[in-house]
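Participant: sharing a model that was predicted from the sequence below.
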Amino acid sequence: MSNRVKQILKAREASIVIMLAVVMVVAFLMNNTFLSFENQMDVIKSNAVLGIAAMGMLVVILTGGIDISIGGQLALVTVLTGQLMKETGFDNLIVIYLLGIVIGGLIGLLNGLMISHLSLPPIIATLGMNTIINGFLKYYTNGAWINQLPQKIIDFGMIKLFSKPGEVGGQVGVPIQFILFLVAMILTWFMLRWTKLGRSIMAMGGNRVSAERVGLNNKNLTTFAYVFSGMMAGLAAITYTSIMKSVDPNAFIGYEMNVIGAVVLGGALLSGGSGSVLGTFLGVMMFAYISNGLTLARISTYWQSIIVGIIILLVVSFDMVKLHRETKRMTKVDIVPIGD
Amino acid sequence: MEKVNNNPPTIGDRVIQGIRKDPRMVFLALVLIGLIVLMSILAPGRFLTVRNFKNMGFQMAEFGILAIGMSVVIMTGGINLSLVSSSMLGAIVGAYLMRALNQAGTMSDWSIILIGIASILTVSVLCGLVNGFFVAYVGVVPMLVTLGTQTVFNGISLNITRGSGISGFPKVFQKIGSGTLFDIPYTLLIYIVVILIAWYLVQKTPWGVHVYMVGGNEKATRYSGVNTKKVLTLVYVFSAVMAGIAGILMISRYNSAKADYGSSYTMMAIAATVLGGTDINGGSGKVWGTVMAVLILQVLSSGFNIIGINRNITDIVTGLILIAVLSINHFTSKEKIRKSK
Amino acid sequence: ETIVVMPKLVGIPYFNASETGAIEAGKELGIEVIYTGPTTGDAAQQVTMIEDLLIKGIDALAIAPNDPDAVSPALQKAIADNVLVVDWDTPASGDDVKYSIHQIDDKKFGELIWDKLVEAMGTDEGEYAIVTGYLTAANLNTWIKYGTEYAAAKYPNLKLVTDPVASDESAQEAYTQTLALLGAYPNLKGIVGISTPAPIGAAMAVQEKGLQDKVAVVGSSLPKDSSPYLKDGSLDFGILWDPGKLGKLTVYIAHYELNGTPITDGMEIPGVGPITLWEDGKTIIMGDPSVWTAENADQFDF
Amino acid sequence: MSQNENVSKPYLRLKNISKTFPGVKALQNIDFDVRLGEVHALIGENGAGKSTLIKILAGVYKPDAGGILEVDGVEYPSLTTKESMHHGIIAIYQDFSLFPTLSVKENIAFSEQMDSKGWLMNWREVEKTARQALDNLGVKGDLNIRANMLSTAKQQLVAIARALVYDAKILIMDEPTSALSSGEVDALFQIVNKLRDQGMGIIFISHKLDELFRISDRMTVLRDGLKIATAPKSEMTRKKLISLMVGREVSDERMLGEGGSDVVLEVKNICKKGNFEDVSFTLKKGEILGITGLVGAGRTETIQALFGLNEPDSGEIWLEGKKISPKSPAEAEKLGIAFVPESRQTEGLILQQNVENNITLPILEKFANKLMRIDFKKRRTRAEELIKQLDVRPNYPHMETSKLSGGNQQKIVIAKWLATNPKILIVDEPTNGIDVGAKTEIHKLLRSLADQGMAVIMVSSELPEILAVSDRVLVMRQGRVSAIVDGADADQELLMSHSVQGGLHGHDKKGQEAHHE
Ligand SMILES: Nc1ncnc2c1ncn2[C@@H]1O[C@H](COP(=O)(O)OP(=O)(O)OP(=O)(O)O)[C@@H](O)[C@H]1O
Ligand SMILES: Nc1ncnc2c1ncn2[C@@H]1O[C@H](COP(=O)(O)OP(=O)(O)OP(=O)(O)O)[C@@H](O)[C@H]1O
Ligand SMILES: [Mg+2]
Ligand SMILES: [Mg+2]
């Protein structure tokens, strides 16, 4: 029993849970509305896009890579699908979602091939890709928003499950974006936990040489991770359109740092092999709660980014100190011979 | 390799030796020359002019110095996302002081400027120490540390300025950014001096060698009696001082300081560093490589502006060149890359 | 004759609309108009571009500076090169320009927004908040300054609950921030959105919470983008001008000046209308701002 | 440990196998065979081609054309990783090739899962397989712990368990004992014997000759890519084996010195919770103090305390009559203490840097003038001197360190410290993974340094090595000094008894989580 508690405390997610709890308690004390169902759902809805994209990024980071082009992918998918919907009035949401996922996946494929077959460092390959995509989009759209999207996607974005009228007005319920976020999480979790593919990625991220020795195809696994990340970006992109009801090609400039920040805050190691869906979810919520909590706590905008930065530094330092302790203690947990 | 040759080496020999020693630099030089030729053809009579080169001299310095600050950090296997925000934090504090002193009007312009510059560099050193502390002493991954400090530095800048610009420096201060000596921009001269100092420090001094060693294997370096915490801290301080100098040039050139100046430089500095041949994983790289990459990016940007090509195309081409140069590198030194894995 | 019109950045709807106007004027006048600017609102990039364009060789430069102080040295260079320098959209420092072309009178504009806020709230007392673009944007800060000063004097019972909240020129961020604001200040009666995506993001949040009738949203937005929100009542007024006309006016002024045509108060500019020239002989005002409502929003194509 | 009855016809046979790397003939016309139920030792100097040979067996490398690999009666020109595994040829590499972030059970069952049908993991199966494999080894433990939380010895057990899962016919072990203490080596040998009795063929690579004589049935000697001999153990002697390996006579005698003079270092009752307790000893000028004990006895921690890597909680360290408390290697270096760590690759060298950079690293600042400029010429000269002094081969200062053989790499680590002219030289497992020839050279080197007046501390798990050079031997057990004996009086039994005495029934260390039943 106490063993189990210890094990939970030792989990990499523990430090972020503690910090998250602190942030939540402080936010709640500053303003009780913070913990209301309504506010929680609002926070999740407006961070679902970040959360879905973070799932893809997680898989890439597990391979020891990084995907700077995630913002570009999101923008590209929103613009291309938005354009299609607007020009043709096409409104089959399932097809649109699939299309978004395919476009994202193709960009991911390009990234993956550059990284695995040309051995480009991931940060550079995807930085280059991001520059190219954003340049292309600006050139192509001139930054114009895409409006007048089919009513169907607008209605879809407003769906709330189990909804009932709110106290002040509007509907309070579980937003459809939360469901999509959940689906992305479960899919990623399932992939990483239950499929051989996912386990191979975890294995390779931990030790590439061993992976090769047991016959894993590192190149294909790496490529797949970027494709997966692209597909998640596609899913996130259409979800964004459903929330915003319009497309702003500039919406995702600089977005990559938010996504990477959330994943790493969630305990994933940039060196690969280590990280979890739960941790990433917590990382996303951490970002979301800090921003939401600070406004709810009525803290001036001018102070917000200072506080956010300090919290990031605190969390990662806390994590580091904990990790040091763990490695010092590491040989003490062991399997032992039974003896004759 | 140590063959003794009686004849003094001819220039041709030297060139061949240079190529053997550093094919990467030669390749970059070829790209640079190719671009200059291309731009000269596309913008006849305008690109290949003294005026344009002077112009590029004005422009290059601030970014070039930032890129050097980034390179040294990357050589240790780290990264500095807070580079530009520390630059601006220093500049804003300095600008604030200079404006206040200038308005008080009791001091001579020169002493105001000296105080301004000193305060900018002081703030830079402090920023560097903060980064260095978290990276070297707490042991947090540089990317996370600097992501955090970037947000903090930027927040402080916003808090001081409330988002607006600070101006009203002594008139002579502008000279730093816009004056010339025998028609050579001061900024270019400063850039050259900074390059030489950086080259000297990184390639000629024990600290510089330690930078590479830490980049290769921090633990083994520490076990060799090197105070790697100090080395790393100094690296971040050096990086921040570079940012501070770039900040001085920027606020002088723009005659004002504001929280978001140069915001597009961070990613570009990373790109320039890697384009210049520094391994993003640390342990290798040369100051001259970064300088060469900055030159390439400058020619590209100025050239396209003069020709009148859409800025977005410049971005696309920059991305393509980055990927292309590194891919070519992969094919030419396949053996090396495989070994290093 | 080559006239360069440089916006704060290229690739956002507002400056695209002015591009259309500027290019159109160029065609009408039969001159070369280059509309170019940096890809991000970075003052450093803008300076670089000005310097490069001077090498290219131009006759006039109309600039919407990201930061007036920052571009000042570059503009001085241009003047030294005998290039005509005017500013548009956002003023540069006075010494640097021959003419300063304003879409509206900034003071009037700020005041109008706050008047419209009170009109939409239906009362001149209560709490309100401001959602802005970037905290560092000079023109946005100017309007906020004029507006809040004016409100402090004229509507003393209006209470600004917190410092302007930044939305980074993103509707999604404005939406997220407004949701938080609505939670933090349950008595909020109005929101002012400054910068074009801000009112729209704010309106989305209000619509989502079903607070169309309780919280008023006004701000500077483009009619086409705001039309759906005006119609469902979540956005009460959009207040802006026609950026296309502004682009056109800018080119005409530069052209007239280059060709010695005198510019006078009340002068009629083709496709723009009569302009106001202030007594300083420098400041040109295009006209009064326009107000978009559910009824008229669809009449515009920007 | 008698020859097994079911020694039968070879399961695996190599005929005329060669392997050429650009510029290197790593293997030339090798004939080699392994039978089921035998332990076949593979011996040779560093770079002789042992690892290359087993990589060919495992399908990692493709041999040059012309040779034949015959497995279980089937002939192949070369094998793929898959084919090799399907024939039950399983290699345990020196680094174990575990997946550090995966659990023990998954590491054990990984490949089996990957080979099974379907695309989903069967966790129940994983658990079952892993448990069974550990049971077969006679080992029990928590299956859910991440592999990187295990000590080296336990990681090796996991690697062996993993090999068992494959239903291995031929198990290849590349220097499996290099990181183990003698107690653990005994445990490993028990397991190896058990596997052999079950009919497995085992290829065993090691540089430790005593071990080879203990465990193997047949021996094959490689030298410079050529096979020199294959013979049953009974036909081999230690001396013969060495001369076959090295191609010359290597003296194997003890190299004891005068025993030192003045006390340089005095360690008084230093303690560090969980590491070592109440450790005291003295060290004299000109002597070699050997420190031995089981892995985990706290030897490395103790000497790290002298080098500023592991500050003690209490106790005193006196150097030449002055109390010192180094807090970092940099401080220790200034005090005249040098330290050659146990892991050359990760702690001793910056592998991708050249020899010159590595060898001059601790003294780099000495080449700098007032302007901090390094005199590169002077540095080169010094590097060349050091290379010459220790006879590093090849003697090229610009060589990338990773390309040198293990023995030469170790010489570089020692050389870089000699350059600082230290008062005390501490070496931790100095000959790990180094062949007999190079080993003797290093022993000679340590001895000559001591003779020149240096005080040397040598930590080693290998008793023969300890006995070969130590003037005095300190034995540690569970963080405490259990004995200090005179080198001349010591023998293996004595040292062993001090290492383990009481240790078998001893209490667990504080804070340790026990997983006994
Ligand atoms: N990938 C490679 N490329 C080039 N040469 C290689 C490669 N691998 C091994 N060699 C060379 O082949 C020879 C045999 O090396 P091998 O690793 O098989 O030696 P070994 O007997 O295992 O030595 P040790 O005892 O040090 O492990 C050496 O000269 C080595 O430098
Ligand atoms: N079986 C064990 N039980 C408890 N603690 C252990 C065990 N094995 C190792 N440790 C701990 O792990 C740490 C590492 O010990 P380490 O193996 O470095 O000791 P050592 O005596 O230097 O052995 P070696 O240098 O041969 O590896 C020590 O702090 C020790 O307390
Ligand atoms: Mg080997
Ligand atoms: Mg040890």
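Facilitator: Done, it's in. Numbering: from 1, shown residues only, chains lettered A, B, ... in the order given. Ligands and ions are numbered 1, 2, ... in the order given.

Participant: tell me which element the residue in the stretch 1-150 of chain C positioned nearest to ligand 1 is part of?
Facilitator: As assessed by CB to the nearest ligand atom, ligand 1 sits closest to residue C:39 within the stretch 1-150 of chain C, at 47.0 Å. Backbone N, C-alpha and C define where each C-beta goes, glycine included. Counting by DSSP states H and E, no helix or strand carries residue C:39.

Participant: now for it: which residues touch it?
Facilitator: A:135, A:138, B:311-312, B:315, C:9-11, C:45 (CB atoms under 8 Å, 6 or more residues apart in numbering or on different chains).

Participant: distance to residue D:112, pLDDT and neighbour count for those residues - can I get that in a markdown table?
Facilitator: Output for the contacts of residue C:39, formatted as a markdown table (distance: CB to CB, whole Å; pLDDT from 0 to 100; neighbours: other CB atoms under 10 Å in any protein chain shown):
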| residue | distance to residue D:112 | pLDDT | neighbour count |
| --- | --- | --- | --- |
| A:135 | 49 | 87 | 24 |
| A:138 | 52 | 84 | 26 |
| B:311 | 57 | 74 | 23 |
| B:312 | 53 | 78 | 20 |
| B:315 | 50 | 82 | 23 |
| C:9 | 58 | 82 | 23 |
| C:10 | 59 | 81 | 22 |
| C:11 | 55 | 77 | 27 |
| C:45 | 58 | 81 | 21 |
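
Participant: from the residues you listed, which is closest to chain D?
Facilitator: Nearest to chain D, judged by CB to the nearest CB, of these is residue B:315 at 34.0 Å.

Participant: so who does residue 256 touch?
Facilitator: Using chain A. Here residue A:256 is in contact with A:67-71, A:130 (CB under 8 Å, 6+ apart).

Participant: try again with chain D
Facilitator: Per CB under 8 Å, 6+ apart, neighbours of residue D:256: D:469-471, D:487-488.

Participant: in PyMOL, how would I select the buried members of these?
Facilitator: To isolate the buried ones among the contacts of residue D:256 in PyMOL, judged by 16 or more other CB atoms under 10 Å in any protein chain shown, type:
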select buried, chain D and resi 469+470+471+487
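
Participant: of the contacts of residue D:256, closest to chain C?
Facilitator: residue D:469 (66.2 Å).

Participant: my read: that closest one touches residue D:290, true?
Facilitator: Yes. Between residue D:469 and residue D:290 there is a contact at 7.0 Å, judged by CB atoms under 8 Å.

Participant: what touches both of the two?
Facilitator: Joint contacts of residue D:469 and residue D:290 (CB under 8 Å, 6+ apart) are residue D:458.

Participant: can you get me a residue count around residue 38?
Facilitator: No chain specified, so I'll use chain A. When neighbours are defined as other CB atoms under 10 Å in any protein chain shown, residue A:38 has 18 of them.

Participant: the chain in question should be chain C.
Facilitator: Residue C:38: 22 surrounding residues under other CB under 10 Å.

Participant: let me see the contact set for the residue nearest to it when sequence neighbours are not counted.
Facilitator: Spatial nearest neighbour of residue C:38, excluding adjacent residues (CB to CB, 6 or more residues apart in numbering or on different chains): residue C:45 at 3.6 Å. Listed by CB under 8 Å, 6+ apart, the contact set of residue C:45 reads B:264, C:38-39.

Participant: SS state for the residue in the stretch 1-150 of chain B positioned nearest to chain A?
Facilitator: For the stretch 1-150 of chain B, the residue closest to chain A is residue B:148, as judged by CB to the nearest CB, at 3.7 Å. The three-state assignment at residue B:148 reads helix, by DSSP: H, G, I helix; E, B strand; the rest coil.

Participant: hmm, it is touching residue A:313, no?
Facilitator: Yes. Contact criterion CB under 8 Å: residue B:148 and residue A:313 qualify, at 4.0 Å.

Participant: mutual contacts of the two, please.
Facilitator: residue B:134.

Participant: and the two? which has more neighbours close in?
Facilitator: Just comparing residue B:148 and residue A:313: by other CB under 10 Å the higher neighbour count belongs to residue B:148, 28 against 21.

Participant: of all the contacts of residue A:256, which comes closest to ligand 2?
Facilitator: For the contacts of residue A:256, the nearest to ligand 2 is residue A:67 (38.0 Å; CB to the nearest ligand atom).

Participant: residue A:189: neighbour count?
Facilitator: Using other CB under 10 Å, residue A:189 is surrounded by 18 other residues.

Participant: run a quick neighbour tally on the closest residue to residue D:311 other than its chain neighbours.
Facilitator: Spatial nearest neighbour of residue D:311, excluding adjacent residues (CB to CB, 6+ apart): residue D:327 at 6.2 Å. Neighbourhood size, residue D:327 [other CB under 10 Å]: 10.

Participant: and residue B:53, by the same measure?
Facilitator: By other CB under 10 Å, the residues close to residue B:53 number 18.

Participant: just residue B:85 next, same as before
Facilitator: Residue B:85, neighbours per other CB under 10 Å, totals 28.

Participant: need the three-state assignment for it.
Facilitator: Looking at residue B:85 with three-state DSSP, the answer is helix.

Participant: for stretch B:102-115, the averaged confidence score.
Facilitator: Stretch B:102-115 shows a mean pLDDT of 83.

Participant: in it, what's buried?
Facilitator: B:102, B:112-113.

Participant: quick one, grab the pLDDT at residue 11.
Facilitator: Using chain A. So residue A:11 comes in at 63 (pLDDT).

Participant: please go with chain D instead
Facilitator: Residue D:11 carries a pLDDT value of 87.

Participant: quick one: low-confidence parts of chain B?
Facilitator: Along chain B, the parts satisfying pLDDT under 70 run over B:1-21, B:330, B:332-341.

Participant: residues in contact with stretch A:224-235?
Facilitator: When contacts are defined by CB under 8 Å, 6+ apart, stretch A:224-235 is touched by residues A:52-53, A:55-57, A:59-60, A:62-63, A:65, A:67, A:70, A:73-74, A:77, A:97, A:100-109, A:111-112, A:115, A:180, A:184, A:188, A:191, A:197, A:201.

Participant: so which of these reach chain D?
Facilitator: For chain D, the contacts drawn from the contacts of stretch A:224-235 by CB under 8 Å from any CB of the partner chain are residue A:197.

Participant: now the buried members of the contacts of stretch A:224-235.
Facilitator: Among the contacts of stretch A:224-235, those buried by neighbour count (16+ other CB under 10 Å) are A:52-53, A:55-57, A:59-60, A:62-63, A:65, A:67, A:70, A:73-74, A:77, A:97, A:100-101, A:103-109, A:111-112, A:115, A:180, A:184, A:188, A:191, A:197, A:201.

Participant: for ligand 2, what's its nearest residue on the stretch 151-300 of chain C.
Facilitator: Relative to ligand 2, the nearest point of the stretch 151-300 of chain C is residue C:176 (49.0 Å; CB to the nearest ligand atom).

Participant: residue contacts, that residue?
Facilitator: Contacts for residue C:176 were tallied using CB under 8 Å, 6+ apart; they are A:46-47, A:291-292, C:201, C:205.

Participant: which ones among those residues lie within helices?
Facilitator: Secondary structure from DSSP state H places A:46-47, A:291-292, C:201, C:205 of the contacts of residue C:176 in helices.

Participant: surely the residue of the stretch 151-300 of chain C closest to ligand 2 is within a helix?
Facilitator: Yes. Assignment of residue C:176 by three-state DSSP places it within a helix.

Participant: which pLDDT value belongs to it?
Facilitator: Residue C:176 is given a pLDDT of 86.

Participant: distance of it from residue D:308?
Facilitator: Computed as CB to CB, to the nearest Å, the residue C:176 to residue D:308 distance reads 51 Å.

Participant: give me the low-pLDDT residue ranges for chain D?
Facilitator: D:1-8, D:23, D:179, D:181-182, D:248-253, D:257-260, D:295, D:500-517.
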